[in-house]
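1. Next input, structure requested:
(chains A and B)
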2 protein chains.
Amino acid sequence: MSPAQIADLDNAVVEMVHEIARGARAAGRELALLTRAQKDAALLAMADAIDAQVSDVVAANGEDIARGQANGMAVNLIDRLTLDEDRVRAVADALRDVAGLADPVGEIVRGSTLANGLRMRQVRVPMGVVGMIYEARPNVTVDAAGLGVKSGNAVILRGGSAAASTNAALVNIMRASMVSSGLPANSINLLTEGGRDAGRALMTARGLVDLVIPRGGASLIQTVVTESTVPVIETGIGNCHVYVDASADIDMATKIVVNSKTHRTSVCNAAESLLVHEDIAEAVVPGIMAQFAAAGVTVHGDEMMLKYAEAAGATGVAITDEDDDTEFLSLDISARVVPHLDAAIAHVQEHTSGHTEAIVTSDLGSSTTWVNQIDAAAVLVNASTRFTDGGEFGFGAEIGISTQKLHARGPMALPELTTTKWVVEGNGQIR
Amino acid sequence: MSPAQIADLDNAVVEMVHEIARGARAAGRELALLTRAQKDAALLAMADAIDAQVSDVVAANGEDIARGQANGMAVNLIDRLTLDEDRVRAVADALRDVAGLADPVGEIVRGSTLANGLRMRQVRVPMGVVGMIYEARPNVTVDAAGLGVKSGNAVILRGGSAAASTNAALVNIMRASMVSSGLPANSINLLTEGGRDAGRALMTARGLVDLVIPRGGASLIQTVVTESTVPVIETGIGNCHVYVDASADIDMATKIVVNSKTHRTSVCNAAESLLVHEDIAEAVVPGIMAQFAAAGVTVHGDEMMLKYAEAAGATGVAITDEDDDTEFLSLDISARVVPHLDAAIAHVQEHTSGHTEAIVTSDLGSSTTWVNQIDAAAVLVNASTRFTDGGEFGFGAEIGISTQKLHARGPMALPELTTTKWVVEGNGQIR
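-> Numbering: from 1, shown residues only, chains lettered A, B, ... in the order given. Sure, this is the predicted structure:
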């Protein structure tokens, strides 16, 4: 946003957000100095506190559900919003998992002694204050708070209004628990008021907020990326392709394509586009289409692909230019036959969202060319696109999947919530 | 900038910049695949080409100088703009130095094999297209182009209008040399037309430009940071402090303070503020003031500091609140006596620009507290602030000094012009 637009925001809301950010900043300074043992103890206490008040959380969640139903919210969104006692306990357990992870703060990334005797080291330190703007699922509230505490950052959370009561209940429990642990309540902050201007005040609080991470649909992310003046990490749009090379193993290709598309459709690492080399299409596509038919996949295909879909009894619709750029997040896939590897690469270069791009091949040259020429957060060979995930990568936690090139690319975990500083020690060196 | 503001830009200028960016993007894809040997050969050829056409560059520079003089440009700016034959040869030599540096592209940052057999590695790759917006000095044009080629990035340069003829001459030579080396001319691009809208079109070319780096004064950087929708790395504002602790060695403190302030005043790592513990003020400040008097430093001091300045014959003016936040870039320094280390840290936390903050101390506790509690790109103990520099750090080159926390913090060299991608190789793994 430009200075003029920022000036148009509701002053009272901006001042409220800045006051919260100043409190977070002070809390962040305390968090930055904690040992891992202190942070882990606070996380375990927060988990216990949530377990102890599970019925309060479920009751607050009931208010959100009732409001959602009254507003005609879709059934699948109601389901994402719903927390029963088991789900609340799972949310608390996630905090215990975070306590078990290594602390990135204090890690020495590199270091050396210069010719003049200066000893220098680049050390991981917390960002300071991290803003998080996200949509429905209330577990993100607890995950973000937990990863914040562990990485020594204060967090300012701006959740979706649909989960307002649940988020407030969870944050109240966590803040009270922090105080019981002798730590500042303002380590964990929730923006509950101020409407859209509160989110905008958060995105433009330069100098008070160090980083904003949006998590949600394409329009939320687009808004944050274009309007924020605080540095942003763009997450999660995945128009992921699977390319089946001429040399691919038929059975492997079929399994990877079907798994990438149908294992879970609402996630950013699901495949949205299938490309098949024309030399192998006759051998591999009928089997894929049969499984697509069984799974209820709608194929947005070119002429060849529609022919195979029809033969297998799968639903087919003629592909449009827009389909090539669409993240369906549903049982839909765009599908094209391509004449050669270079055509597949050119297609991906034009339509990739920079998330995950997979090839299935048994040819070393094709694999190498794919890995070298595809520019994405994750480039896969002979594996399902569903593996691009902080948990699958062994990070133990995930704050989102970055699709930008600055700072973090791919699944982000604790180290990506830190920055570094150079510590330089001498004994009187001057220039 | 908001979509509405972007829509207000001159359409022809936006299309011109986007056309250049598309050309750069295509060139970047070629650069990304080059070996180090190919890139080094191209850099050496560029250096030879500049040497061979040194008189053309000097002649073009003469046009800029004549225009500057006609426009009443200040003498120090004319000096920064001026290239004689020796300076041009030094600019060419800088390209040879870059050729001698290690290639960051292809470095494996981390990697492992997962339990399911997936082999993953995080590999450094070029950003793609890097935009650079900068002011007077024409050597930045060649440095940025050279670091771009070496790191496999295409660059789009937007230099100051004062150096337009010199920049055009240098870029023409480098583009022709790239073609002679069999590489795309569009690796190196200069925005020569379109006025302010061209810079704005560059900053908002999301999807075509991967990163914008502003280098120049505070107002240029502020404009780019607030208006860009392309990711930005903020550089170079340095309101650097030196704090002399109660336990400091008097001679060491004097040398470090004087060197930090007077070694070179126009640079971002020069000291702009002096804080002295009250217990050592009587012992250390008179000697510092005597050297400030000799060097012609104006002291913006509190009551105590003005007393010492007067006694030593140094020029003193009463400090204002604004002085505490001012990057003077001149023979001026703000100076205060503080009651204890915590007061010094609180002052720095409030007024730091996050560049370089130095303590002079012989007390281990003070040193540790300073290093832990000061949040800046570089935290120094017993060394001059002037050491925060890519060359001094041993990086061999510098594209700027980042004062932000995302992606790069402190001096940036070749690795900071790269991003990473995850390469994941399997043999049919699905979830």
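
2. Helix, strand, or coil at A:Val105?
-> With DSSP: H, G, I helix; E, B strand; the rest coil as the basis, A:Val105 sits in coil.

3. Would you check that it makes contact with A:Thr418?
-> Yes - under the criterion of Cβ atoms under 8 Å, A:Val105 makes contact with A:Thr418 at 6.3 Å. In this view, the C-beta of every residue, glycine as well, is placed from N, C-alpha and C.

4. shared neighbours, these two?
-> Common contacts of A:Val105 and A:Thr418, defined by Cβ atoms under 8 Å, 6 or more residues apart in numbering or on different chains, comprise A:Arg124, A:Val125, A:Pro126, A:Ser151, A:Gly152.

5. If we only consider those, which is nearest to chain B?
-> A:Val125 (7.1 Å; Cβ to the nearest Cβ).

6. Help me confirm that that closest one is found in a helix?
-> No - with three-state DSSP as the criterion, A:Val125 is located in strand rather than a helix.

7. count of neighbours near the residue nearest to it when sequence neighbours are not counted?
-> Of all residues not flanking A:Val125 in the chain, A:Lys421 sits nearest, at 5.3 Å (Cβ to Cβ, 6 or more residues apart in numbering or on different chains). Close neighbours of A:Lys421, defined as other Cβ atoms under 10 Å in any protein chain shown, add up to 22.

8. same check, this time on A:His340
-> 14.

9. Which SSE is immediately downstream of the helix ranked longest in chain A?
-> For chain A, the helix with the greatest residue count under DSSP state H is helix A:11-32. Using DSSP states H and E, the helix or strand that follows helix A:11-32 in sequence is helix A:36-52.

10. Run through the neighbouring helices and strands of that following helix.
-> Packing partners of helix A:36-52 (3 or more Cβ pairs under 8 Å, 6 or more residues apart in numbering or on different chains; DSSP states H and E): helix A:85-99, helix A:139-150, helix A:164-180.

11. re earlier: only alpha carbons, please: show the longest helix of chain A as CSV.
-> Presented in CSV, the C-alpha positions along helix A:11-32 are these (Å, rounded to 0.1, in the frame of the first residue of the first chain):
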residue,chain,number,x,y,z
ASN,A,11,-6.7,5.6,12.7
ALA,A,12,-8.0,4.0,15.8
VAL,A,13,-7.6,0.5,14.3
VAL,A,14,-4.0,1.3,13.1
GLU,A,15,-3.1,2.6,16.6
MET,A,16,-4.6,-0.5,18.2
VAL,A,17,-2.6,-2.8,15.9
HIS,A,18,0.6,-0.8,16.4
GLU,A,19,0.1,-1.0,20.2
ILE,A,20,-0.3,-4.7,20.0
ALA,A,21,2.8,-4.8,17.8
ARG,A,22,4.9,-2.8,20.2
GLY,A,23,3.8,-5.2,23.0
ALA,A,24,4.8,-8.1,20.8
ARG,A,25,8.1,-6.5,20.0
ALA,A,26,8.9,-6.1,23.7
ALA,A,27,7.9,-9.7,24.3
GLY,A,28,10.0,-10.9,21.4
ARG,A,29,13.1,-9.3,23.0
GLU,A,30,12.5,-11.5,26.0
LEU,A,31,11.7,-14.6,24.0
ALA,A,32,15.0,-14.1,22.0
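
12. Pull out the buried positions in that helix.
-> Buried residues in helix A:11-32, counted by 16 or more other Cβ atoms under 10 Å in any protein chain shown: A:13-14, A:16-18, A:20-21, A:23-25, A:27-29, A:31-32.

13. What are the contacting residues of that helix?
-> A:6, A:39, A:105, A:125-126, A:128-129, A:149, A:152-156, A:183-187, A:189, A:191, A:193-195, A:197-198, A:201-202, A:205, A:208-209, B:349, B:372-373, B:375.

14. Restricted to helices, list those residues.
-> Using DSSP H, the contacts of helix A:11-32 in helices are A:Ile6, A:Lys39, A:Val149, A:Gly195, A:Asp197, A:Ala198, A:Ala201, A:Leu202, B:Gln349, B:Asn372, B:Gln373.

15. Any idea how many residues pack against the first one?
-> This means A:Ile6. 18.

16. Not counting its neighbours along the chain, what's nearest it?
-> The spatial neighbour of A:Ile6 that comes closest, neighbours along the chain excluded (Cβ to Cβ, 6+ apart), is A:Thr204 at 5.0 Å.

17. ok, the one you found - contacts?
-> By Cβ under 8 Å, 6+ apart, the neighbours of A:Thr204 are A:Met1, A:Ile6, A:Leu9, A:Glu227, A:Ser228, A:Thr229, A:Val230.

18. for A:Asn186, same thing?
-> A:Asn186 sits in contact with A:Ile20, A:Gly23, A:Ala24, A:Ala26, A:Ala27, A:Ala154, where contact means Cβ under 8 Å, 6+ apart.

19. returning to that earlier point: any idea which of the ones in helices among the contacts of helix A:11-32 is least confident?
-> Lowest in pLDDT among these is A:Ile6, which has 78.

20. Tell me which residues touch it, please.
-> Applying Cβ under 8 Å, 6+ apart, we find A:Ile6 in contact with A:Val14, A:Arg200, A:Thr204, A:Thr229.

21. Then A:Leu114?
-> Under the criterion of Cβ under 8 Å, 6+ apart, the neighbours of A:Leu114 are A:Met120, B:Glu392, B:Phe393, B:Gly394.

22. Tell me the residues of the stretch 1-150 of chain A that contact chain B?
-> Taking Cβ under 8 Å from any Cβ of the partner chain as the contact definition, the stretch 1-150 of chain A meets chain B at A:1-3, A:5, A:29, A:32-33, A:112, A:114, A:118, A:120, A:122, A:125, A:127-128.
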